[in-house]
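A.B. asks: fold the following and give me the result.
(chains A, B and C)
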Amino acid sequence: MSKSIGSNFARVMIAMLLIVCALITLTPIVWLVAATLKNPDDIFHYTFFPPIRALTLDNFRDLFHLTHFGRFMVNSVFTTGATVLVQLFFSSLAGFALAKYEFKGKSAVTGLMLATLMLPASVTMAPLYDLLYHMHMVDQYAGIIVPGAVSVFGIFLFRQAIVQVPDELLQAARLDGCSEFRIYWDIVMPVSRPMIGAFCLMSFMGAWNSFLWPQIILHHDNLFTVPIGLNQLLGVYSSKYGMLMAGTLVGVLPVAALFMLLQKEFVAGLTSGAVKG
Amino acid sequence: MKSFPFGNATLCILLLTLLSGLWIAVQPAPQRPVTLTYWVFARPHYDAYRRVIPQFERDHPGVTVDLQLVSNSALATRLQAAFQADLDVPDLCELEIGSAGTMFRGPLKDVGFINLKPRLEQSGLYDRIVRARFAPYTSRGEIFGMPHDVHPVQIAYRRDLFEKYGVDPGKIQTWDDFIAAGRKITIPGKQYMIELSDSDSVSLESFLLQRGGGYFDSAGNVILDNEAAVKTMEFYVPLVAGPHKIGNTVGDMYGAQFGKALEDGYEMSFLCPDWRSRMVEDNYGRLSGKMALMPLPAVALGGTRTTTWGGTMVGITKRCHNPDLAWALVQYLYTDKAQLAQRFSDTNILPPLEAAWKQPAFQRPNPFWSGQRLGASYVELAPQVPPRFTAPEIDTAQAKLSEALVTCAAYYNRHGGDSGFDPFVRSTLRQCADRVRAVKARNPY
Amino acid sequence: MSATINPAPSKAPPDAKTPSRTTIHRPKASWFSAQYKLAPYVFVSPFILLFAIFGVYPIVKSILLAFYATNGPKNQVFVGLSNFHYMFHDPDFWTAVTNTGTFALWSVFLQLPLSLGLALLLNQKWLRGQNFLRLAFFSPNLLGQVFVGVLFSQLFMVHYGLVNRILNALAPGVFSLDTKWLSDPTYVMPAIVLTSLWLYCGFNMIYFLAGLQAVDRELYEAALVDGAGPWRQFLHITLPGIKPIAVFVLVTSTIGSFQLFELPYLLLGGAGPKNSGLTVVMYLYQNGFQTGDLGYASAVGWTLAIGVLFISLIQMRITGAWKGTKG
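C.D. replies: Numbers count the residues shown, from 1 in each chain, chains lettered A, B, ... in the order given. Model (predicted):
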């Protein structure tokens, strides 16, 4: 379409429109950043940034001195990283099996998964909590990581992506004496990079921002993840708004970094996977 | 070297996970064996207890207390889940008045807290504590919580602005006086006499209690549609709706915007229980010396000059292995006079133990509040604090009262106080109360 | 959609394995065919195991629970269909359904077209700074529902909130500084819709962008030769080209809309004035988890699940995307 709306005027309009939209989108984030740099008294005194002499980094200092925010970050990195890796490995393995093999019970598995895909997570929360208690996983990292290891959505994504890998490629490898796991490891995975990138990003964002379940499972604050920790601080330091906003900002950085790293693969992955009609 | 089959980003995640896992693994685990675990949700309590618990541990050799600060919303959810699933719960736990009721659901034998009544009677504390404060923590005759506070309510106002506009708080005896003064100095969209919500029952509740109403009676029956409730609603709605309203809120009652609204004079006064007076002192330093307190106006001359808002209890859970020790800790923290004086200086919160009020800390002038003797002013009102009864359906009742408020305010905005207003309020409250009754009737226990 | 994957030219897959082709020994051959037969079972087994324990078992248990009144796991009384009876006669439930439905309609008819429009604008070859713009539009998503709820509860505040300040500065006659976004029932749904628009527009845009980039460029060139204008190009090439992804986005965002919970819950600190922000999942949470009536929570959950399933099927039928997901 680029050529049909090719006139300079149209281009300028499009660019202007995009810039305006981007500004609207970024305004709340700029406000958030500004709030982290203001003293509590100044937050609503100045709409955005105060004069330079009123700027302060106290909020960040308080965040790491008054609270266990550093620990929250480490906890989040650990639980999120573990969840993503386990999900990635299991989902891609199972997605591979569903895409490229015929085996007994395959349609049953697929049907079952499809059915659960539409079920709100809140339905199973109660029995799941009960179950985890009996497995001694309440108030443990495992209580978050293990039930989170199943990603039905992920399996579908990988199945869709791997279906498109040419069978000849796999057959050739088999003739070469590659074991099936080798095929998965050395051929299918490298070819599915874009989907891995997309999946990693989505799964990371989901796990990083997950709120309700960790809130129920984790009791001790030395296990808290960032959202839980921040929500806790919200209840306890309701007036230190700048500090809470600083926490939000710092808490978002890992996701932002990952997004920058995976931007290209993310888009390419979505193109290759989620879209098969 | 062959690259990692999942790509570099995944490799990064893997390394970070391993690193963080390693870091967590080398963190020394807390070695102290814990005798009592104690959850609190209010930071002032946490800070205060942390200072005095070491003394308790010295007095009881071999005993260690693990004090944990948990946010209120998380605490209610977790405790509820833990009680119901027989999970490990703390030995002692403080509860906010709003969530306390919901913890008493189900058969008495399944309530997670032990009945403190025998201990209270035996120690004589039952007669030394403001009786009304047991109400919110009592269910079917059993007392599950020891009250932490009294929480009388006054009106905190911008003294400088009242002076500037010629409002004399000393002359305000009744709500009618207050409203008359308020109408004179309220400028819609710019400044309001008092912070009141037109959508949340939080301030309406205080008015309701002052007039002898409430959500439930002492037996747990829903009384949201009784005469007191109707009269309160009809009185309250014109304060926050229609052309002559004197109350408004920026929607924030605890944070930075509330402070800004006070500072700008957008809200010139607010309902101020003892705990809120400290919150204002701590967070809005710029208002120091500009604020003062006055007793709540009475409904009619000679009527009650206060009400109540908020509260905390401490309970001992049934899972506690050593309830006697836990009870000793409760007595240590809640009834030691010297400590209560210190705590008052730290928090402005009036303890329910009347004998503690005579100490000098309660008589000290407070510069933030224009040199008023803050403690004494609350102490004077404390005996009049109305009881606030509760039931497991308290959440629903609060939601329904808020709903009724919004509905009635909308009517008033459209039609004003015409002849249809009274029947409308009655039927609205009736409907809301019936919803709470329906929820109650569903409870098979 | 055809296989438009671009297999990132990474490590050449069949590397350095050629010698073994001719020398497959017999035991190895039987091992080889065994591992081939077993492979799919081994590959799905970790998932199946976890799925059975943490997916299927709780689901089955929650079906049973739906017919009980409970006070935590310890107290259960069989009540038959009375949970459902109560639910269907509870006006709050219907308020929740209406709100959730309204929200879903807004997301489908406002948010998705806007996302698509944004994607179309952004999908220009000549455009500089694509990465920056993409990041800008996507950035709200990095925050997640919880923090967006907290942030916007400040932005929507009466008199001092940024939203009111900006709107009032732009159009003082139309927008009062004292607009009660979060405490006037009229404004609550718009506030939720705006917040979620801000949060999800960029996310869906990325999906559409991915779809657009997969549309065959040659088709446009051919259309240009035929003299087709931009609108006809959009109708006849773009729309069919992105249809699979559009259906996917439509179905997932509908499902997502029906699961709405954290955002309004934190934005309003609950259900909002007169339940104007009550969603079905919030209703489930309040009436199930906060009261400990897990049975009722399950009943509501299952009702929601069936409703969502029904709507998704209708959507797929209408858009003709239902070809049966064969195994």
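
A.B. asks: please make it C-alpha for all contacts and neighbour counts, starting now.
C.D. replies: Will do.

A.B. asks: hmm, the helix or strand of chain B with the lowest mean pLDDT in reach of chain A?
C.D. replies: Lowest on mean pLDDT, DSSP states H and E among the helices and strands of chain B sits helix B:72-84, with a mean of 77. Yes - counting by C-alpha under 8 Å from any C-alpha of the partner chain, chain A is contacted by helix B:72-84 at B:Asn72, B:Ser73, B:Ala74, B:Thr77, B:Arg78.

A.B. asks: what does the pLDDT read for the residue lying closest to the last one once chain neighbours are set aside?
C.D. replies: In this case it means B:Arg78. The shortest distance from B:Arg78 to any non-neighbouring residue, by C-alpha to C-alpha, 6 or more residues apart in numbering or on different chains, is to A:Ile216 (6.1 Å). Per-residue confidence (pLDDT) for A:Ile216: 75.

A.B. asks: try C:Trp322
C.D. replies: 46.

A.B. asks: one more: B:Met103?
C.D. replies: Looking at B:Met103, its pLDDT reads 87.

A.B. asks: what of C:Thr179?
C.D. replies: Looking at C:Thr179, its pLDDT reads 89.

A.B. asks: what about it, distance to C:Thr186?
C.D. replies: Between C:Thr179 and C:Thr186 the computed distance is 10 Å (C-alpha to C-alpha, to the nearest Å).

A.B. asks: comparing these two, which residue is more hemmed in?
C.D. replies: Comparing C:Thr179 with C:Thr186 by other C-alpha atoms under 10 Å in any protein chain shown, the one with more neighbours is C:Thr179, at 20 against 13.

A.B. asks: in a strand, the more buried one, correct?
C.D. replies: No - residue state for C:Thr179 (DSSP: H, G, I helix; E, B strand; the rest coil) corresponds to coil; a strand is not indicated.

A.B. asks: residue 241: neighbour count?
C.D. replies: You didn't pick a chain, so chain A it is. Residues within reach of A:Tyr241, counting by other C-alpha under 10 Å, total 24.

A.B. asks: let me rephrase: I mean chain C.
C.D. replies: 20.

A.B. asks: what of the one 4 residues further on?
C.D. replies: Each residue near C:Ile245 was counted by other C-alpha under 10 Å, and the total is 24.

A.B. asks: before we move on, back to that, I'd like the next helix or strand past the least confident helix or strand of chain B.
C.D. replies: Sequence-wise, the next helix or strand downstream of helix B:72-84 (DSSP states H and E) is strand B:92-96.

A.B. asks: how far is that following strand from where the chain is centred?
C.D. replies: Here strand B:92-96 is found 13 Å from its chain centre; the criterion is C-alpha atoms, centre = their mean, to the nearest Å.

A.B. asks: and the helix or strand following it, what's buried?
C.D. replies: Next along the chain after strand B:92-96, taking DSSP H and E as the criterion, comes helix B:97-100. Across helix B:97-100, burial judged by 16 or more other C-alpha atoms under 10 Å in any protein chain shown covers B:Ile97, B:Gly98, B:Ser99, B:Ala100.

A.B. asks: distance-wise, check the closest residue to the last one other than its chain neighbours relative to B:Gly311.
C.D. replies: The one in question is B:Ala100. Counting by C-alpha to C-alpha, 6+ apart, B:Ala100 lies nearest to B:Tyr137, which is 6.6 Å off, once chain neighbours are set aside. In this view, B:Tyr137 and B:Gly311 are 10 Å apart by C-alpha to C-alpha.

A.B. asks: cool, A:His220 as well?
C.D. replies: Distance, A:His220 to B:Gly311, by C-alpha to C-alpha: 25 Å.

A.B. asks: which secondary structure element is home to B:Met313?
C.D. replies: Per DSSP H and E: strand B:312-316 holds B:Met313.

A.B. asks: keeping just the C-alphas, turn that strand into CSV.
C.D. replies: The C-alpha trace of strand B:312-316 is given here as CSV (Å, rounded to 0.1, in the frame of the first residue of the first chain):
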residue,chain,number,x,y,z
THR,B,312,-8.3,-3.1,64.6
MET,B,313,-8.5,-6.3,66.7
VAL,B,314,-6.0,-8.9,67.6
GLY,B,315,-7.1,-12.5,67.7
ILE,B,316,-5.4,-15.7,68.7
